[in-house]
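**Student:** The following comprises the amino acid sequence and a computationally predicted model.
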Amino acid sequence: MTPVLSYRERAASLLSMEMLPLRTLGEFIASTENDNEYQLLVGESMKGVRIDVHSMKKEQLAITKLGTSSDAVLDHVLTLLPPMQRQLLAVRRKADAHSRPPLPDGSRIVASHLTKIWTVAERPPFKAVNLNDFMERWRAGPRNREVDQRVGATDFFRRYLQEACEPADAIRVYSCRQSGNAGRNPHLKDLPECKVEALIDGNFLVKNYIVLFSWWIKLGKTDEDREAAFKYRKCCRNAWYPEFRECIGKALGEVRQWTMVANKLVPRQKRRRIFEELGNNSQDSYVGLSQGIGVASVEL
């Protein structure tokens, strides 16, 4: 067992060293409780002691070569998390897209695909709407010619939600709940399920086409082929149903950002940033450039 040395014994041990390491001296001073004692030691007794500063410098250099501290590593990890999250979401979307069965040829949201009266019942603030007539008046944008059915569905839902309520801006308090959507804004109401069902019901995948004899005959040459084609359409419906719910949610999110103009909801006007012309009377090119970087927001 190492004997416990008194303060005077430890001080005498330090004074007996030919070269006193600065670290050893610092540890001794830090362990001294009486300020007067170590002041007396340093001021009087150690006048002739040689302090080894170089050994402390070597230790400092060794410390600088140590690995990064945990706090710095954590900060670096936190900076990497947001782009990683975005990448994971992008991978998830692509994986979901590849997992969905491709829709049959000719699958588009058009009025000619409707086989019955398609209406949304009145339920204030929602107005009663004949979606057959609404779809006849709806004109798909250029992006809707793409293969992805989600683009056309989102555009159609957005157009309907624009004038679904009376007053029009009442739609801003609604969102379409998704499966497991626990992080939704608590101040928003759920879009009534009857409205969600009515909107999705307009897609050809949920029609009871089997009652249409001519349609059934066109599914295939034999009953086995027709049965397989019909089952495939049912599979598409099950896979695409949650996708259309997401389309409604996306459309609602966009419409909530729109503004009221003449009692109608309209998209916010896009803005672009332009540079003002550099003044001819600028003192120098730097000042002229500084003036030019005074950016004005101009409505398109």
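**Tutor:** Received, thanks.
**Student:** separation between residue 118 and residue 149?
**Tutor:** 18 Å (CB to CB, to the nearest Å). In this view, the C-beta of every residue, glycine as well, is placed from N, C-alpha and C.
**Student:** the more surrounded of the two?
**Tutor:** Legend: neighbour count by other CB atoms under 10 Å for residue 118 and residue 149, higher for residue 149 (22 against 19).
**Student:** among the helices and strands of this structure, which has the poorest mean pLDDT?
**Tutor:** Across the helices and strands of the chain, mean confidence by mean pLDDT, DSSP states H and E is lowest for strand 295-299: a mean of 35.
**Student:** I'd assumed residue 157 was in contact with residue 135.
**Tutor:** No - counting by CB atoms under 8 Å, residue 135 stays clear of residue 157, with 11.6 Å between them.
**Student:** all helices for the stretch 51-200 of the chain, in order.
**Tutor:** For the stretch 51-200 of the chain, the helices defined by DSSP state H, counting those that start in this stretch cover 54-64, 70-99, 131-137, 149-162, 193-201.
**Student:** Compile those into TSV and extend it with columns for distance to residue 233 and mean pLDDT.
**Tutor:** Shown next, in TSV, are these (distance: least, CB to CB, whole Å; pLDDT from 0 to 100):
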stretch	distance to residue 233	mean pLDDT
helix 54-64	69	71
helix 70-99	17	77
helix 131-137	20	84
helix 149-162	13	86
helix 193-201	15	79
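**Student:** nearest to residue 221, of those helices?
**Tutor:** helix 149-162 (26.8 Å; CB to CB).
**Student:** Looking at residue 135 and residue 157, which one has more neighbours?
**Tutor:** More crowded of residue 135 and residue 157, by other CB under 10 Å: residue 157, with 26 against 20.
**Student:** who's in contact with that one?
**Tutor:** Residues near residue 157 by CB atoms under 8 Å, 6 or more residues apart in numbering: 199, 247, 248, 251, 252.
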